[in-house]
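>>> Coordinates only, no sequence provided:
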């Protein structure tokens, strides 16, 4: 059953529709930026995340991730790819807290954006040069993304030996994400800064400013997210 008028109707719901449409369009074998995952794996992950409560702890605790992986494989075996896409599109079960718009936006807006770009930017021939920040479908969500960047960035760069400052280019704003010396500035619109913080560094459209050696060290370091 899809959301009714009393259920979540925020920005995350819009992003859910965008992601579901892209999953359906690309098909199960389409690559993603998530190492080892196809679109089929991603669809199973999204459905498991919302419908298998005992798999949840493994999403945040690394030592329990094997439990989540087993749940995702079971979900994939139990449903066809088209079924998974439509289950995801329909939204979470009635008991799930993300049925409420505010909770949905807090829990899912960034998740759904990142996974949409995992699909888009892994497509063969994806047009990086032709991308226009002003035309990005993330534009309505940029302030929410910027607000989320402090927590996500602190997690993403917690192991960095380089200081990190994020600067948005669509509006005034700077965030210190890691207090170290030397400092590298990551410059771009909020959605690109988020992708960089989430470890999609090669695919994120940002500019790195600072000492060349420090820039190289940051670009090559693993993400903490």
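Yep, that arrived. All values derive from a computational prediction rather than experimental measurement.

>>> The strand or helix carrying residue 186 pairs with which strands?
Secondary structure assignment for residue 186, by DSSP states H and E: strand 183-188. Sheet pairing of strand 183-188 (DSSP bridges) gives strand 163-168 (parallel), strand 207-209 (antiparallel).

>>> Please identify the most buried of those.
Mean neighbour count (mean count of other C-beta atoms under 10 Å) peaks for strand 163-168 among the strands paired with strand 183-188, with a mean of 21. Where you see a C-beta, it was placed from the backbone N, CA and C, and this is true even at glycine.

>>> Check which element follows it along the chain.
Next in line after strand 163-168, if elements are assigned by DSSP H and E, sits strand 174-178.

>>> Just after the lengthiest helix in the chain, pick out the following helix or strand.
If you go by DSSP state H, the chain has its longest helix at helix 101-120. Counting by DSSP H and E, the next helix or strand C-terminal to helix 101-120 is helix 142-156.

>>> and the residue lying closest to residue 88 once chain neighbours are set aside, what helix or strand is that in?
Spatial nearest neighbour of residue 88, excluding adjacent residues (C-beta to C-beta, 6 or more residues apart in numbering): residue 46 at 4.8 Å. Secondary structure assigned from DSSP H and E places residue 46 in helix 39-51.

>>> same question, residue 181
Under DSSP H and E, no helix or strand contains residue 181.

>>> Isn't it up against residue 163?
Yes. Look at residue 181 against residue 163 with C-beta atoms under 8 Å: they come within range, at 5.7 Å.

>>> tally of neighbours for residue 18?
Per other C-beta atoms under 10 Å, the neighbour tally for residue 18 reads 15.

>>> ok, the residue nearest to residue 210 when sequence neighbours are not counted - contacts?
Once flanking residues are discounted, residue 210 sits nearest to residue 184: 3.9 Å by C-beta to C-beta, 6+ apart. Taking C-beta atoms under 8 Å, 6 or more residues apart in numbering, we find residue 184 in contact with 162, 163, 164, 165, 208, 209, 210, 211, 214, 215, 218.

>>> Closest one to residue 148 out of the residues you listed, please.
Nearest to residue 148 among the contacts of residue 184, counting by C-beta to C-beta, is residue 164 at 15.8 Å.

>>> OK, contacts around that closest one?
Counting by C-beta under 8 Å, 6+ apart, residue 164 makes contact with 153, 157, 176, 177, 178, 180, 183, 184, 186, 218.
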